[in-house]
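**Student:** Quick one: sequence and predicted model below, then my questions.
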Amino acid sequence: MNEPIKDQFLGCLLGLAIGDALGMPFEGWSPASIKRQWKEKGFLPSPSRGLGPGQYTDDTLMALCHVHSLIERGRVEPEDISRKFIGWYDSGDLRGIGGATAHAIRRLKKSHNWQESGATGEYAAGNGGAMRIAPVGLFYHNDLPALKEAVRKAVIITHNNPEAVAGALAVAYLVARSVRDELDPDTAIKDASNFIGPCKVRENLQGAGELLGSGATPEKALEILGTSGYVVETVASAVFCFLYSPDDFYKTVVNAVEGGVDSDTTAAVAGAISGSYNGIKKIPEDWLKGVENYDGIQDLAGKLYTAWRKK
Ligand SMILES: [Mg+2]
């Protein structure tokens, strides 16, 4: 049994949930306010959102829909993912669901047609696909052509937009290469760029590469790359944070949270990539212990790993 790969499955899913939960109280905040308020770098509650310390948001809840579906179906099956999204939506536990996603799930509930449910146009270039796609990167890590098609199908259910698909593809690719132990931080941006092809996500990723090369601080870089809910910004900022400190999960996630605005999603994406690269052993113990549903996520990561092995 290849245990290092299992450690990376665990690191990826817990990294995603931890980044999301650390960023949760700061969604919509400016970097300066976060730096003032966030001294201990631990989990804080968000009384305005009704969430306690360590609780995660829609990013993790939707990623777990993918995990459940992959375990049960053994592949990306958009009909089943759609049912899981509807089940989540109907639970009412939405924790900051994005506009395009809510719109798409309401359409799904009426038509049950995943090929037509996704939001389209500019409005659909949000980070709702990128934030939840890491489990698909894990599951298809040894088949990159299949990964491409699986990511597209999974994303267009809610975001039928080429940039949303490209952003998710970049994240899934970096997760997959990490699990394969083939990710070279020095060439990661070039490799991901080649994989996703020409698009705005790629242009901003290359901007992240230039900022890394020029020695920019994370604070400066994220201000330039952007940390809004626009997928072009999220992916470049998350990848910058990862590549700024590839071997240091803690630093990567702290820098992503401190980028502000869509803090939970930037940190969820950065945490998923860094967790895949570093494995669970490099995640600080107090974060592991403090995140919501730690045992449940561990269990699901193990089952996803088993499902991948059976594939
Ligand atoms: Mg969120």
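**Tutor:** Structure received.
**Student:** any low-confidence regions in the chain?
**Tutor:** 1-2 (pLDDT under 70).
**Student:** one more time with 80, if that's ok
**Tutor:** The chain contains residues with pLDDT under 80 at 1-3.
**Student:** ok, so what distance separates whatever residue of it ends up closest to the ion from residue 213?
**Tutor:** Closest contact between the chain and the ion, by C-beta to the ion, is at residue 57 (3.4 Å). C-betas here are computed from N, CA, C, even on glycine. In this view, residue 57 and residue 213 are 33 Å apart by C-beta to C-beta, to the nearest Å.
**Student:** Neighbour count: these two, which is higher?
**Tutor:** Between residue 57 and residue 213, counted using other C-beta atoms under 10 Å, the more crowded position is residue 57 (24 against 9).
**Student:** Give me every residue in the stretch 1-150 of the chain that's in contact range of the ion.
**Tutor:** Within reach of the ion by C-beta under 5 Å from the ion, the stretch 1-150 of the chain has these residues: 57-59, 96.
**Student:** so residue 227 is in which element?
**Tutor:** Residue 227 is part of no helix or strand when elements are defined by DSSP states H and E.
**Student:** and it, what does it touch?
**Tutor:** Applying C-beta atoms under 8 Å, 6 or more residues apart in numbering to residue 227 gives the contacts 233-234, 237, 259-263, 266.
**Student:** Distance-wise, check it relative to residue 237.
**Tutor:** Counting by C-beta to C-beta, the gap from residue 227 to residue 237 is 5 Å.
**Student:** Which secondary structure state does residue 141 sit in?
**Tutor:** Following DSSP: H, G, I helix; E, B strand; the rest coil, residue 141 is assigned to coil.
**Student:** Hmm, it is touching residue 179, no?
**Tutor:** Yes. Taking C-beta atoms under 8 Å as the definition, residue 141 is a contact partner of residue 179 at 4.1 Å.
**Student:** Just give me the neighbour total for residue 206.
**Tutor:** 15.
**Student:** so when I look at it, I'm seeing a helix, right?
**Tutor:** Yes. Assigned with three-state DSSP, residue 206 falls within a helix.
**Student:** got the contact list for it?
**Tutor:** Going by C-beta under 8 Å, 6+ apart, residue 206 touches 189, 193.
**Student:** Over to residue 106?
**Tutor:** With contact set as C-beta under 8 Å, 6+ apart, residue 106 has these partners: residue 89.
**Student:** SS state for it?
**Tutor:** Recorded secondary structure, residue 106: helix (three-state DSSP).
**Student:** what's the closest non-adjacent residue to the residue of the chain closest to the ion?
**Tutor:** Among residues not flanking residue 57 along the chain, residue 95 sits closest, at 4.3 Å (C-beta to C-beta, 6 or more residues apart in numbering).
**Student:** tell me which parts of the stretch 151-300 of the chain are close to the ion?
**Tutor:** So the stretch 151-300 of the chain meets the ion at residue 264 (C-beta under 5 Å from the ion).
**Student:** give me that answer again for 8 Å
**Tutor:** Counting by C-beta under 8 Å from the ion, the stretch 151-300 of the chain comes close to the ion at 262, 264-265, 268.
**Student:** Show me which of those is closest to residue 15.
**Tutor:** Nearest to residue 15, judged by C-beta to C-beta, of these is residue 268 at 8.4 Å.
**Student:** Would you confirm that that closest one contacts residue 20?
**Tutor:** Yes. If you go by C-beta under 8 Å, residue 268 and residue 20 touch, sitting 4.0 Å apart.
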